[in-house]
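Asks: Please work out how this folds:
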Amino acid sequence: MATAAALWEELLQGEELAHLETEPAREPRHAPLPDDLHPRVREALAARGLDSLYVHQALTWDAAAKDEHVIVTTGTASGKTLAFNLPVLDALARAPKTRALYLYPTKALAQDQARSLATLRVPGVRSAIYDGDTEVERRWQIRRWANLILTNPDMLHVGVLPHHDRWGDVLANLRYVVVDEAHVYRGVFGSHVANVLRRLRRLAHVYGSEPRFLLASATIANPAELAQALTGVEATVIEEDAAPRAERTVALWNPPLVDDELGLRASALGEASRLYAELVSRGLRTICFAKSRKAAELVHRFASERVDREIAERLAPYRAGYTPAQRREIERRLVEGELLGVSATDALELGIDIGLLDCAISVGFPGTVASLRQQWGRAGRRGHGLAVLVASEDALDQYFMRRPETLLHRRVEAAILDHSNRRVLDGHVRAAAFEAPLDDRDRAILGDAALERAAALPELQRTPAGYVWSGRDYPAARVPLRSTSPEAFTVVDVGSGTVLGLVERERAYSTVHDGAVYLHLGESYLVRELDLGARRALVEPFRGNWYTQAKKETTTSIEEALRAERRLGLELAFGRVAVTEQVVAYQRKAIGDSATLETCPLELPATTFETEAVWYLPEPGMLAGLETMPPLLGSLHAAEHAMIALLPLFAMCDRWDIGGLSTNLHFQTGRPTVFVYDGHAGGVGIAERGFDVFESWAADTASMLEGCPCERGCPSCVQSPKCGNLNEPLDKAGALTLLRRMLAAS
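Replies: I've put the predicted structure just below:
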């Protein structure tokens with residue numbers, strides 16, 4: 001589609017263009033439909049014009065035919081859905097009493113899959129969605145007649161497993177469990193879902209079935225490890241992507257500097273809105289991804305103001321918070337070509353079918369290379385496409401602008417989770433004991449750690465049949481799947497009474513203290529009151545032009561070193577630590593230039609939580625010339641911040657999932673020490689990933705510091721938006737010296 005490329009070529013010029021390259025097209029590689037595919041499924045595919053498969057779809061069929069568990073990890077729009085649908089539809093066509101369970105992380109994805117299945121019209125397939133929106137009177141009907149049930153992990157956790165007596169027929173005949181968008185299940189959420197899937201396997205076993213798992217994921221670095229961690233079974237990995245890919249132009253766009261000294265740049269939202277408006281004005285169908293609801297709405301507003309009325313009417317925002325009917329209508333208008341452009345949150349990043357688009361713009365790096373590729377994969381599915389990253393001033397974004405190859409030619413991240421984290425595991429052990437007595441035979445599915453915890457939990461009673469739940473309620477209801485702490489604080493909008501979310505106790509004092517500006521899905525709220533007794537933060541929408549940053553005093557004590565090695569010429573360790581934090585004040589800071597407007601004292605209790613950390617002890621020679629104060633502490637502190645900024649490149653996490661501490665003299669090591677730890681109690685594997693890739697992590701951090709044009713440190717390199725010491729002291733040059741000496745010692 002050379003005409004489309006000609007339309008955007010004149011736009012992609014000027015000093016803002018940090019990089020431009022073209023990814024070549026790729027031809028498809030086909031395989032015939034399997035000979036033993038059920039005739040009814042073959043006919044349904046023929047009616048849709050499908051008379052062959054891509055090679056990876058055929059490989060998935062072959063693995064499923066051998067009764068293997070499978071994980072398919074290929075690019076966006078590569079046909080993963082058909083890969084896992086084919087074995088399921090074949091099984092249902094052969095034996096309609098067979099059951100299949102499809103798990104999706106969002107309701108919108110389940111709706112999209114339900115539509116796809118309906119259009120295939122395979123005789124004997126009775127699909128239905130079973131989630132929180134399903135009418136109560138329909139639920140018993142679905143349990144009885146549906147043989148393909150689409151749901152989500154939350155519903156499985158609280159609505160299905162605790163009431164398995166109602167689901168006996170489904171569990172007894174459960175042949176397949178499909179886990180789509182498996183890369184979403186990482187960190188705390190993934191650790192919980194891994195336990196939910198083990199509980200499902202255990203109950204299926206109780207009812208006499210051994211379901212096969214079919215997982216689909218965006219391309220990630222560790223698909224076999226993720227499948228094993230999520231399900232507890234070994235899966236065959238299918239990662240040979242044989243789908244066609246159109247030619248794609250990739251542009252990295254850096255808003256111009258407005259203050260060289262402070263390293264401040266023009267608004268990424270403003271630049272993205274301008275590009276978006278220009279593209280749709282040229283008739284190019286465009287999607288613009290923003291990180292928050294508010295940002296998606298602003299992009300829509302700014303772009304609409306730049307184009308004529310006729311085009312403005314063909315633009316729409318898309319985000320969570322709309323009713324299902326509103327979202328379906330936007331999806332329909334996109335698919336049918338009524339809309340020219342949509343500004344969206346990452347709700348549209350996942351596999352919802354929204355038709356053929358020409359251009360995809362990402363406002364700010366979305367956190368992982370995998371997510372960025374998902375977003376860019378929306379553009380040019382059938383013809384030449386354009387993919388643009390508009391950088392924010394964040395350290396990672398600016399690093400990529402200076403070193404495009406580290407983004408465009410980098411392996412995707414590893415998805416990390418830890419199902420045996422005690423703070424996650426305990427609630428699921430209680431839930432499992434409620435569902436059926438726990439005994440030694442459950443070790444094979446639930447793991448040794450689950451049986452050890454069963455013996456230690458006071459609410460479980462040992463009986464001849466095994467450990468049973470002795471409480472009055474059902475314990476699954478107590479376990480939120482997105483938190484490691486049962487003592488989480490609820491965040492409540494005082495105007496509407498809506499519960500916005502949960503904040504773990506360990507984080508509550510620094511994020512929802514009185515006077516804090518709290519961000520939820522990109523929206524700002526002001527905390528009116530933090531009620532410690534009721535574990536509740538009362539908030540109201542906030543439109544001010546300042547934000548808050550907590551000042552806290554932190555100490556880290558080493559509980560146990562689990563791994564210790566000599567790496568990069570120094571002592572590197574990974575293990576369990578206890579982090580004690582006390583929030584003592586907070587600052588109000590101006591959004592424009594980060595100037596401090598006011599410092600307000602706080603009186604809050606100290607909190608201690610155990611987690612996992614990686615720590616290193618620089619040798620005296622590495623600190624030569626930096627050993628006096630404050631350069632010593634400033635160098636260690638800046639190195640800690642810079643490494644925290646880069647760790648998300650190796651583990652699929654957000655910098656807000658990571659904490660750190662640097663000290664010129666640690667009371668246990670007796671030496672200068674830098675700690676980087678998981679910000680969630682118990683840890684979920686992020687710090688251990690840092691230990692495993694320490695050399696690459698340090699090298700990328702040094703490159704980021706070398707390339708940042710600022711003199712003394714800025715938000716694009718060593719300043720952190722979450723620093724408990726309010727970014728004091730920081731010595732960028734000292735940090736770079738230390739990292740260079742470490743790398744030279746390797």
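
Asks: can we go C-alpha only for contacts and neighbour counts from here?
Replies: OK.

Asks: Packing partners of whichever helix or strand residue 303 is part of?
Replies: In the assignment (DSSP states H and E), residue 303 maps to helix 293-306. On a contact count with 3 or more Cα pairs under 8 Å, 6 or more residues apart in numbering; DSSP states H and E, helix 293-306 meets helix 268-281, helix 309-312, strand 315-318, strand 341-344.

Asks: Name the residues that touch the first one?
Replies: Taking contacts as Cα atoms under 8 Å, 6 or more residues apart in numbering, the residues outside helix 268-281 that touch it are 7-8, 11, 254-255, 285-286, 288, 295, 298-300, 302-304, 306-307, 311, 340-341, 359, 361, 363-364, 390-392.

Asks: Listing partners with orientation, what would you give for the next helix or strand after it?
Replies: Next along the chain after helix 268-281, taking DSSP H and E as the criterion, comes strand 286-289. Paired neighbours of strand 286-289 in the sheet (DSSP bridges): strand 341-344 (parallel), strand 359-363 (parallel).

Asks: gap between the helix or strand just after the longest one and the chain center?
Replies: It refers to strand 359-363. Using DSSP H and E, the next helix or strand after strand 359-363 towards the C-terminus is helix 369-376. Distance, stretch centre to chain centre, for helix 369-376: 11 Å (Cα atoms, centre = their mean, to the nearest Å).

Asks: I'd like the mean pLDDT over helix 369-376, please.
Replies: Averaged across helix 369-376, the pLDDT comes to 86.

Asks: ok, residues contacting it?
Replies: Applying Cα under 8 Å, 6+ apart, the contact partners of helix 369-376 are 75-76, 218-220, 289, 349-350, 360-362, 365-366, 387-388, 407, 412-413, 649.

Asks: go on, stretch 293-305?
Replies: 269-270, 272-274, 276-277, 288-290, 311-312, 315-320, 342-345, 521-523.

Asks: Could you pick out the buried ones from those?
Replies: 269-270, 272-274, 276-277, 288-290, 311-312, 315-320, 342-345 (16 or more other Cα atoms under 10 Å).

Asks: quick one: the helices in the stretch 101-250 of the chain?
Replies: 107-120, 136-145, 153-155, 168-172, 187-206, 223-231 (DSSP state H, counting those that start in this stretch).

Asks: residues of stretch 620-630 that come out buried?
Replies: By 16+ other Cα under 10 Å, the buried positions in stretch 620-630 come out as 622-623, 626-627.

Asks: Just give the closest residue to residue 530, not the sequence neighbours.
Replies: In space, residue 530 comes closest to residue 537 once its chain neighbours are excluded; the distance is 4.4 Å by Cα to Cα, 6 or more residues apart in numbering.

Asks: Secondary structure class of the one you found, three-state.
Replies: Three-state assignment for residue 537 (DSSP: H, G, I helix; E, B strand; the rest coil): strand.

Asks: quick one: low-confidence ranges for the stretch 301-450 of the chain?
Replies: Low-confidence segments of the stretch 301-450 of the chain (pLDDT under 70): 319-324, 347-355, 381.

Asks: ok so, going back, ranking the helices of the stretch 101-250 of the chain by mean pLDDT, which is last?
Replies: Per-segment mean pLDDT for the helices of the stretch 101-250 of the chain reaches its minimum on helix 107-120, at a mean of 83.

Asks: mind listing what's buried in that one?
Replies: Those would be 107-114, 117, 120, for helix 107-120 by 16+ other Cα under 10 Å.

Asks: From the chain's centroid, how far away is the helix holding residue 303?
Replies: The answer for helix 293-306 is 24 Å, by Cα atoms, centre = their mean.

Asks: any idea how far residue 611 lies from residue 578?
Replies: Note on residue 611: its distance to residue 578, by Cα to Cα, to the nearest Å, is 6 Å.

Asks: now do residue 461
Replies: Counting by Cα to Cα, the gap from residue 461 to residue 578 is 31 Å.

Asks: just residue 537 next, same as before
Replies: For residue 537, the distance to residue 578 equals 26 Å [Cα to Cα].

Asks: quick one: which of these two has more around it?
Replies: residue 537 (25 against 20; other Cα atoms under 10 Å).

Asks: shaky segments in the stretch 501-650 of the chain?
Replies: 521-522, 592-593.

Asks: which other residues reach stretch 636-646?
Replies: Outside stretch 636-646, the residues that touch it by Cα under 8 Å, 6+ apart are 395-396, 655, 658-664, 673-676, 697-698, 700-701, 705, 717-720, 729-732, 734-736, 738-739.

Asks: that older thread, mind picking the two most distant members of the buried residues of helix 107-120?
Replies: Farthest-apart pair in the buried residues of helix 107-120 is 107 and 120; separation 20.4 Å (Cα to Cα).

Asks: which residues touch the closest residue to residue 741 other than its chain neighbours?
Replies: Leaving aside its sequence neighbours, residue 741 sits nearest to residue 622 (Cα to Cα, 6+ apart; 5.7 Å). By Cα under 8 Å, 6+ apart, residue 622 lies in contact with 737-738, 741-742.

Asks: swap in residue 48?
Replies: Here residue 48 is in contact with residue 120 (criterion: Cα under 8 Å, 6+ apart).

Asks: Give the phi and psi angles for it, as a check.
Replies: Backbone geometry at residue 48, expressed as degrees, to the nearest 10, gives phi -100, psi 10.

Asks: Same check on residue 556?
Replies: Per-residue torsions, residue 556: phi -130, psi 120 (degrees, to the nearest 10).

Asks: Show me what it is bridged to.
Replies: Using DSSP bridges, the beta-bridge partners of residue 556 come out as residue 579.

Asks: what's near enough to touch it?
Replies: 577-580, 661.

Asks: swap in residue 391?
Replies: Neighbours of residue 391 in contact, by Cα under 8 Å, 6+ apart: 252-255, 268, 363-365, 397-398, 401.

Asks: same thing with residue 600?
Replies: Taking Cα under 8 Å, 6+ apart, we find residue 600 in contact with 585-587.

Asks: which among the residues you listed gets closest to residue 602?
Replies: residue 585 (4.8 Å).

Asks: dump the residue contacts of the closest residue to residue 117 other than its chain neighbours.
Replies: Closest residue to residue 117 apart from its sequence neighbours, by Cα to Cα, 6+ apart: residue 127 at 7.6 Å. Residues in contact with residue 127, defined by Cα under 8 Å, 6+ apart, are 114, 117-118, 146-150.

Asks: who does residue 127 bridge with?
Replies: residue 148.

Asks: That one and residue 113: what is the separation?
Replies: From residue 127 over to residue 113 the distance is 10 Å, taken as Cα to Cα.

Asks: part of a helix, is residue 476?
Replies: Yes - assigned with three-state DSSP, residue 476 falls within a helix.

Asks: My guess is it contacts residue 428. True?
Replies: Yes - the criterion here is Cα atoms under 8 Å, and residue 476 meets it with residue 428 at 7.0 Å.

Asks: the more surrounded of those two?
Replies: Just comparing residue 476 and residue 428: by other Cα under 10 Å the higher neighbour count belongs to residue 428, 26 against 23.

Asks: how about the nearest residue to that one, chain neighbours excluded?
Replies: residue 195 (6.4 Å).

Asks: Can you give me the neighbour number for the one you found?
Replies: Using other Cα under 10 Å, residue 195 has 29 other residues around it.

Asks: ok, now how distant is it from residue 228?
Replies: 12 Å.

Asks: now swap in residue 286 and tell me
Replies: Applying Cα to Cα to residue 286 and residue 228 gives a distance of 38 Å.
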